[in-house]
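Asker: the sequence isn't on hand, but the structure is:
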């Protein structure tokens, strides 16, 4: 196994890119990452994407993006794990370089969610669930998460308002991120009167559908030093899975895949939750932020929601989360999200996070979740010495 | 129009037929041929009684394409008496009447229509347990 380092990052603004297509924004991100790395080429391209087929009528993005980015001929493929596609693609890039089979890999996460109507996009997102035993009964993807949130509130005795802190924190941090979709703060009052999407999940609990692409360049660490960049080392890469359908889980309120992949990541990096300086978690919904904090050892079961109330998740808190806006306010371009998370951790570790820069930031964790928790990919990154 | 896919599911959709594990006796729904508890083969068909209670619920205001005509409707996780949890819609009940723990029973209802010339798909929904049959 070889050590793997991130030497280039690139991202497009997250938002509604009416004038740009799926391939256009992917190419933008790939070229930005290559430019950041000072490279013109790589051995392979892995594209994380969930909805290209359903919403753009376009699959086969590996070869397409490679060609349009001027990389025709290199190994290229798409990696799919629902909203966890980006993180899964990062892990495939990591495996390829760590194994010694490839020396450099570009990982791109891309999603285009504004091509179709809201209802068609909602139907496409339900493909993350179990088609035969969940989706046929008509749940929106939001409502599957709402089933978790309702039960969580019932079992642990909390109210909808208790989750407000997650959304407020995300929006506050997005203000200073030029690539974020919603660069404005919200208040508890705005959270409280937000319209219901699927109760108890309101518009303000929910991350927005968006267009976006982000990319990374991974190389063997021994080669990274030649590039003279601020290298960020991948100290851990781990993935886990769980049943796709919530109803098949032993305990629906425990994110077993998230727990498993985080535990393995801590083991690989030789660290504990207290050693993590920031955590880019999968706050697709406020309930997922609470459950992710519990699964990854930052809170006991049923107490993740308290971290939002007690303000421990802010930039000056015990465990800063969503430091550039998170899925909630940076935006959630499904299959691209996992790569955005890594890009943002790299920004923090390089000291490039602008007004949201954390002091003495040495080690960051990113966790990307697919579906309602069926896939989880956890990476721990460390600043180079 | 996935005719065979919906036909293949008729025993699950219309009679809640799952499986029983011959090794540990667990009742399994949906059927998956491998017991999720002891990982032994589970092939014996088992018809569930159709009664259970609401484990969680949510009323949908923004529906995916194909379900918009039903808005608002209430999704639920229903814990069956025999153990498994199923995802289904609640029917014949006001949304603000629903509570976690509310006893419910399976009924057969239309799940969706696939356009004027398409399939009409029927399957299970759950309603509040009727007193006379309780």
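Answerer: Yep, that arrived. What you are looking at is a predicted structure, and each value in this text was computed from that prediction instead of being measured. Residues are numbered from 1 along each chain as shown, chains lettered A, B, ... in the order given.
Asker: all contacts plus neighbour counts: C-alpha atoms, from now on.
Answerer: Fine.
Asker: quick one, helices of chain B?
Answerer: B:3-8, B:10-15 (DSSP state H).
Asker: likewise for the stretch 1-150 of chain A?
Answerer: Using DSSP state H, counting those that start in this stretch, the helices of the stretch 1-150 of chain A run over residues A:22-37, A:52-56, A:61-68, A:85-98, A:118-125, A:141-156.
Asker: just the residues contacting the shortest one, thanks.
Answerer: Looking back up the chat, that one is helix A:52-56. A:22, A:58-59, A:61, A:111-113, A:115-116, A:120-121, A:124 (C-alpha atoms under 8 Å, 6 or more residues apart in numbering or on different chains).
Asker: now swap in the last one and tell me
Answerer: Helix A:141-156 is contacted from outside by A:122, A:125-126, A:128-129, A:158-160, A:197-201, A:206, A:246, A:252-253, A:285, A:287-288, A:302, A:372, B:55-60, B:75-77, using C-alpha under 8 Å, 6+ apart.
Asker: against chain B, how distant is residue A:131?
Answerer: Distance of residue A:131 to chain B, given as C-alpha to the nearest C-alpha, to the nearest Å: 11 Å.
Asker: likewise residue A:39?
Answerer: Distance from residue A:39 to chain B, by C-alpha to the nearest C-alpha: 43 Å.
Asker: so where's the chain shaky on pLDDT?
Answerer: This is for chain A. A:228-229, A:385 (pLDDT under 70).
Asker: my bad, the chain I had in mind was chain B
Answerer: Those would be B:132-134, if you go by pLDDT under 70 across chain B.
Asker: what about the strands in it?
Answerer: For chain B, strands defined by DSSP state E occupy the ranges B:17-20, B:27-28, B:44-47, B:51-60, B:73-80, B:85-90, B:103-113, B:120-128.
Asker: just to revisit the earlier point, give me the subset of the contacts of helix A:52-56 touching chain B.
Answerer: A:120-121 (C-alpha under 8 Å from any C-alpha of the partner chain).
Asker: for the contacts of helix A:52-56, which one is nearest residue A:100?
Answerer: Nearest to residue A:100 among the contacts of helix A:52-56, counting by C-alpha to C-alpha, is residue A:61 at 24.7 Å.
Asker: list the beta-bridge partners for the nearest residue to the closest one once chain neighbours are set aside.
Answerer: Spatial nearest neighbour of residue A:61, excluding adjacent residues (C-alpha to C-alpha, 6 or more residues apart in numbering or on different chains): residue A:78 at 5.9 Å. Beta-bridge pairing for residue A:78 (DSSP bridges): residue A:47.
Asker: for the residue positioned nearest the centre of chain A, what are its contacts?
Answerer: Ranked by distance to the mean C-alpha position of chain A (C-alpha atoms, centre = their mean), the top residue is residue A:338 at 3.0 Å. Contacts for residue A:338 (C-alpha under 8 Å, 6+ apart) come out as A:83-88, A:90, A:109, A:366-368.
Asker: next SSE after the helix or strand hosting it?
Answerer: Here residue A:338 sits within helix A:337-350, counting by DSSP states H and E. Elements were assigned by DSSP H and E; along the chain past helix A:337-350, the next helix or strand is strand A:363-370.
Asker: partner strands of that next one, with direction?
Answerer: Counting by DSSP bridges, strand A:363-370 is paired with strand A:278-280 (parallel), strand A:375-383 (antiparallel).
Asker: by how many degrees do that strand and helix A:337-350 diverge?
Answerer: Relative orientation of strand A:363-370 and helix A:337-350, computed by axes from the mean of the first three to the mean of the last three C-alpha atoms, to 10 degrees: 170 degrees.
Asker: quick one: contacts of strand A:363-370?
Answerer: By C-alpha under 8 Å, 6+ apart, strand A:363-370 touches A:81-87, A:128, A:258, A:275-282, A:337-338, A:341-342, A:345, A:349, A:375-383.
Asker: could you redo the last one with a cut-off of 6 Å?
Answerer: Here strand A:363-370 makes contact (C-alpha atoms under 6 Å, 6 or more residues apart in numbering or on different chains) with A:81-84, A:87, A:276-282, A:338, A:345, A:375-382.
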